[in-house]
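Asker: sequence first, predicted coordinates after that:
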Amino acid sequence: MGDKQFAAGANEGVFVEHDGKRVYAVQSHSIEENTNVRLQHGYGSQEAIGQTRGAKQYTINIESSIALEYEDDVLPLYLLLREPGTEITRYIGQWKTVFTGLTFSSHSESGNLESMSERISLTATKRQDFFKGRPVSFDTAISALGR
């Protein structure tokens, strides 16, 4: 009775953490994974004979967030994301995914007298998945989530 069930991809929570503390709750976001794949050609051939995988890179877009630890005017999110020790953490049931090695890409704001929207883009170079607090490989996490 106490078990929660989650649809694959349904987030229990996405947070920006700094020095082990949750400082922002993310309300709207997107995460995109890119792998630098290179085609290998045989000598004198126009057709590819194979491919090699390159490094993985994760593009994270944050569109809406709420400050938990700090007042937004004191430490804006776009400044916090530039500091070392900041990571993006996503929770899905008993799964936890941590994105680190963040590089700030862009920040934009738009608004009027009644509302303001903000969009922050960053790149993460490392992803670590955990199940029940234990690290698991990326392939194990993807197959368990049914993707």
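Answerer: The structure has been received and is ready for your questions. Predicted model, so just to flag it, every value in this text is computed and none were measured.
Asker: quick one: the residue of the chain lying at maximal distance from its centre from T35, how far?
Answerer: Ranked by distance from the centre of the chain (Cα atoms, centre = their mean), the top residue is G44, with 41.4 Å. Using Cβ to Cβ, to the nearest Å, G44 is found at 28 Å from T35. Heads up, the C-betas are built off the backbone N, CA and C, glycines and all.
Asker: the bottom helix or strand of this protein by mean pLDDT?
Answerer: helix 138-144 (a mean of 70; mean pLDDT, DSSP states H and E).
Asker: can you give me the strands in this structure?
Answerer: Ranges of strands within the chain are 13-18, 21-41, 48-67, 86-92, 95-111, 116-131, 134-136, based on DSSP state E.
Asker: is it possible to export these to JSON lines including distance to S143 and mean neighbour count?
Answerer: Below are these laid out as JSON lines (distance: least, Cβ to Cβ, whole Å; neighbours: other Cβ atoms under 10 Å):
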{"stretch": "strand 13-18", "distance to S143": "22", "mean neighbour count": "19"}
{"stretch": "strand 21-41", "distance to S143": "15", "mean neighbour count": "13"}
{"stretch": "strand 48-67", "distance to S143": "17", "mean neighbour count": "14"}
{"stretch": "strand 86-92", "distance to S143": "14", "mean neighbour count": "19"}
{"stretch": "strand 95-111", "distance to S143": "12", "mean neighbour count": "15"}
{"stretch": "strand 116-131", "distance to S143": "11", "mean neighbour count": "16"}
{"stretch": "strand 134-136", "distance to S143": "10", "mean neighbour count": "11"}
